[in-house]
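**Student:** my questions are about this predicted structure, shown below with the sequence.
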2 protein chains.
Amino acid sequence: MSSFEKITQHYQQISHFSHAQAMLGWDAAANMPAGGNHARSGAMAELARHIHQLSTAPQLETWFTDAESESLTDEQQAILRECRRQWQFATIIPEDLVRAKSLAGSTCEHAWRTQRHNNDWQGFEKNWKTVVELSREEAQIRAEANQCSPYDAMLQLYEPGASTAALDTLFGETKQWLPDLINQVIEQQQGESVLTPAGPFPASQQKQLGVEVMKRLRFNFDHGRLDESVHPFCGGVPTDVRITTRYDESDFTQALMGIIHETGHARYEQGLPEKLAGLPAGEARSMGIHESQSLFFEMQLGRHPAFIQSISSLAAEMLESQGNPAFSEDNLQKLYTRVNKGFIRVDADELTYPAHVILRYEIERDLMNGTISHTDVPELWDQKMQSYLGLSTRNNFKDGCMQDIHWTDGSFGYFPSYTLGAMYAAQFMAAMKKTVDVEGALKKGELTPVFEWLKAHIWSKGSLFTTGELVSQATGETLNAVHFKNHLKDRYLNQ
Amino acid sequence: MSSFEKITQHYQQISHFSHAQAMLGWDAAANMPAGGNHARSGAMAELARHIHQLSTAPQLETWFTDAESESLTDEQQAILRECRRQWQFATIIPEDLVRAKSLAGSTCEHAWRTQRHNNDWQGFEKNWKTVVELSREEAQIRAEANQCSPYDAMLQLYEPGASTAALDTLFGETKQWLPDLINQVIEQQQGESVLTPAGPFPASQQKQLGVEVMKRLRFNFDHGRLDESVHPFCGGVPTDVRITTRYDESDFTQALMGIIHETGHARYEQGLPEKLAGLPAGEARSMGIHESQSLFFEMQLGRHPAFIQSISSLAAEMLESQGNPAFSEDNLQKLYTRVNKGFIRVDADELTYPAHVILRYEIERDLMNGTISHTDVPELWDQKMQSYLGLSTRNNFKDGCMQDIHWTDGSFGYFPSYTLGAMYAAQFMAAMKKTVDVEGALKKGELTPVFEWLKAHIWSKGSLFTTGELVSQATGETLNAVHFKNHLKDRYLNQ
């Protein structure tokens, strides 16, 4: 057996345990009674240990070296590259540091759940100091190996190929026009009246509506399910994708759009290359590309007037609200494109969302590179919120720098993925429109050509290409913020 | 660390992977879409391989030897004994034979699904020959190690401590009175008129009824769930027990009694000793004892007139059938104790069930001991069916020796568990009645004293004692068929 074959067999083996991990994770969120938690945590920790052990198996280094002198096709080289990338990520950090960060992260996250509620920055800061220190240590080790800045090294964990240089440009440009655009749109929307659909809308009816919309979006129910969980997510494995949502019986609009978002994630997973199943090269390219697919579904398709037209009548019918003016196409369109400046990222609309992300990017970049201290964060947060959204978070930590879970366990480098996703999605749509009549497809409610484009250019590529190559091949240009800007102006500014 | 500690840590580790296996097995039956099967099979096979590898780890033998000279309490000795028992079961069969039997078993089982439907004994016989041969080989190896007969060795896999000698006595006695009793009861029941409740009974209502009955039976929903699957079962882990049922909208009685049955299995699991969680000594004692708990719930409690009285009004209310004479206590009692001679074991009533089991026991015993050939089975089946139930299965293989899945993959030795369970259950009830007013508890609908007895004498003991010790300690006598006979006569023969 060649070293290449030994490597692929080894990663296939890992994928079987990851399958168990993914399904048990989904089950814990969607099914598990509270009393099952203790035993489940034990099983999950054991699986994580075992996967880490396999991912850092000593024989891999020799196999990688040997495989490089084997005669490999381009595809095999890509397969090897992605295995090696995962191996490097797993092996480069000393076990002691992995354990220390994991412990500090779970301690900080656990306490944060109460501290956030109590606006207790002093308490949080004490735990978080350790998380930041250990994350910097991790970033430094990764930076030395990759010969880049500490923050750039952390970015690779979520968005391979991303760099501070590129993000500074993308986000720097966006900062130039975004605050003004937000103000313009808010002013313009002030004169509009919007009706809120009055519930209750039974969860069972909302679920039927969600399933119907998933069918229209060609979610493959032979390879997946829709269930409920407190925090909606897309889990499972490519041939059995488990998406979840949460139903608020007083408001159907959130669960519906949430389902459309998760369906975007799900179709990416369902469209990944089968022949590479179980190999890193067969996985989704990056967090940003993953988010680009959920946002393509939620923002590019889901909030498109022709799409809203098609679901407005469906929603009215399935929620027994025919004739209700709040269900009119025009009203739903207004509801789904309403812009508000708010403190909370997860509640933000399409237009203000990037401001929340850029703020976090700038802070975590400087934090990892060591140019600011963790104690500087609340003041920087307040300054930037004032500057981008005109809101003050002075002494309001819980709605400020303590609002997200990401930093509590040291996931620095993740936040940019959200806005990169929105930018990729807009750029994909612009490219798609060159060959696909998207407007016509949406009006006919026959989206096959749209999905065929996504499958051909994104889904079926897995991680065979670098993120940059994938985007260039799909759109003919490198990632830039122009298409995102055009999309937002087209949608939100009255002509 | 002592060798004893190394051993317990090792088995705890195995239990984490078994947790994953149990939950993925439940998920495959209760949730998984068909398209998820391929990847799931891969994950399940990998988990099974890994568990087998851990269960046969070479260091275990040394640890076991060393642990024997360590100073251990009685409980630690029992823990050690059960680890060693599992280790011996796992290591004694050569890998080649394990693989060959597994392959022959799945080939035979897969083909059987079609062959049974087609009454194709000739086709089945060709595959089954190999399964029988390999099972005999396995039985021979186990027999030599345990210095017993081949069939006795197979029995240990399901019912540790069981023996042909004991079963010949138990079942031999039962054969003396059972056929006559069946005939008497059927004759007596001929004059009765029984109403069949007319549906449809929506699955959602049946589920609510099932949940309510589970609550009355003190199923702990903080440590378990009720879901649906084609073949009802009790799965999961002790702190998160997953039971399933199947709803027939034209007949609520089967799902309801099925739920009561599975709740018996579930409460045994939920009542196992927490301090031994993850260790073989903390698991259920045997298949027969497990079945004794499900049958205690289904037959001893569930078909008791006082219990049927309490659920008849509940069922009428929850299924919106108040005033329907088919829901009267008297009619439901008749429905649930109706005796019929039939071909199919899984459809058999309480009274005829043992005849089906004894027939299988006698055949598989002789098959494993090599005194009959697998080609003799159809004729023996026909003879025994004629003798015990007065039915002929000549040339009717699909309703005869091809009806069960157990033999298709070589699970010889399993069948006696069903009737052992019924006998244990009757003996437990007789013993319980010495100190607990069961009748009164059932009439009051307050079953706490019943469950306390079961928890104290059965559930909390796990596998700390041998099956024989467990039964003697609980009932003051070794297992015998007298209580079962008395129970059946009391219930089925009019005084």
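**Tutor:** It's in.

**Student:** now the stretch 51-200 of chain A against chain B: closest residue?
**Tutor:** Here the residue of the stretch 51-200 of chain A nearest chain B is residue A:54; by Cβ to the nearest Cβ that distance is 10.2 Å. Quick note: C-beta positions are derived from backbone N, CA and C, even for glycine.

**Student:** let me fix that: the stretch 251-400 of chain A
**Tutor:** Closest point on the stretch 251-400 of chain A to chain B, by Cβ to the nearest Cβ, is residue A:277, at 7.1 Å.

**Student:** just to revisit the earlier point, give the contact list for the residue of the stretch 51-200 of chain A closest to chain B.
**Tutor:** A:10, A:13-14, A:17 (Cβ atoms under 8 Å, 6 or more residues apart in numbering or on different chains).

**Student:** restrict those to contacts with chain B.
**Tutor:** By Cβ under 8 Å from any Cβ of the partner chain, the members of the contacts of residue A:54 lying near chain B are A:13, A:17.

**Student:** buried ones among the contacts of residue A:54?
**Tutor:** Buried positions within the contacts of residue A:54, assessed by neighbour count (16 or more other Cβ atoms under 10 Å in any protein chain shown), are A:10, A:13-14, A:17.

**Student:** and stretch A:138-150, what's its mean pLDDT?
**Tutor:** For stretch A:138-150, mean pLDDT is 96.

**Student:** need the residues that contact it.
**Tutor:** A:88, A:92-94, A:97, A:101, A:136, A:151-154, A:156, A:163-164, A:368-370, A:410, A:412.

**Student:** report the buried members of these.
**Tutor:** A:92-93, A:101, A:136, A:151-154, A:156, A:164, A:368-369, A:410, A:412.

**Student:** can you pick out the most distant pair from those?
**Tutor:** A:101 and A:164 (22.0 Å; Cβ to Cβ).

**Student:** what does the stretch 1-150 of chain A put close to chain B?
**Tutor:** Checking the stretch 1-150 of chain A against chain B by Cβ under 8 Å from any Cβ, the hits are A:13, A:16-17, A:19-20, A:23-24, A:27, A:31-36, A:38-40, A:42-43, A:45-47, A:50.

**Student:** is any residue of stretch A:233-248 near chain B?
**Tutor:** Yes. Using Cβ under 8 Å from any Cβ, stretch A:233-248 reaches chain B at A:236-240.

**Student:** which ones among the residues you listed are found in strands?
**Tutor:** Secondary structure from DSSP state E places A:236-237, A:240 of the residues of stretch A:233-248 next to chain B in strands.

**Student:** ok, and the most crowded of those?
**Tutor:** Neighbour counts for those peak at residue A:240, which has 29 neighbours (criterion: other Cβ atoms under 10 Å in any protein chain shown).

**Student:** what's the neighbour count on residue A:108?
**Tutor:** 22.

**Student:** repeat that for residue A:250.
**Tutor:** Using other Cβ under 10 Å, residue A:250 has 11 neighbouring residues.

**Student:** please apply the same query to the one 3 residues further on.
**Tutor:** Applying other Cβ under 10 Å, we find 16 other residues in the vicinity of residue A:253.

**Student:** from residue A:338, how far out is it?
**Tutor:** Per Cβ to Cβ, to the nearest Å, residue A:253 is found 10 Å from residue A:338.

**Student:** circling back: show me which of the ones in strands among the residues of stretch A:233-248 next to chain B is closest to residue B:262.
**Tutor:** residue A:240 (25.4 Å).

**Student:** excluding its backbone neighbours, what's nearest the closest one?
**Tutor:** Setting aside the residues directly before and after it, residue A:240 is nearest to residue B:36 in space (Cβ to Cβ, 6 or more residues apart in numbering or on different chains), at 3.0 Å.
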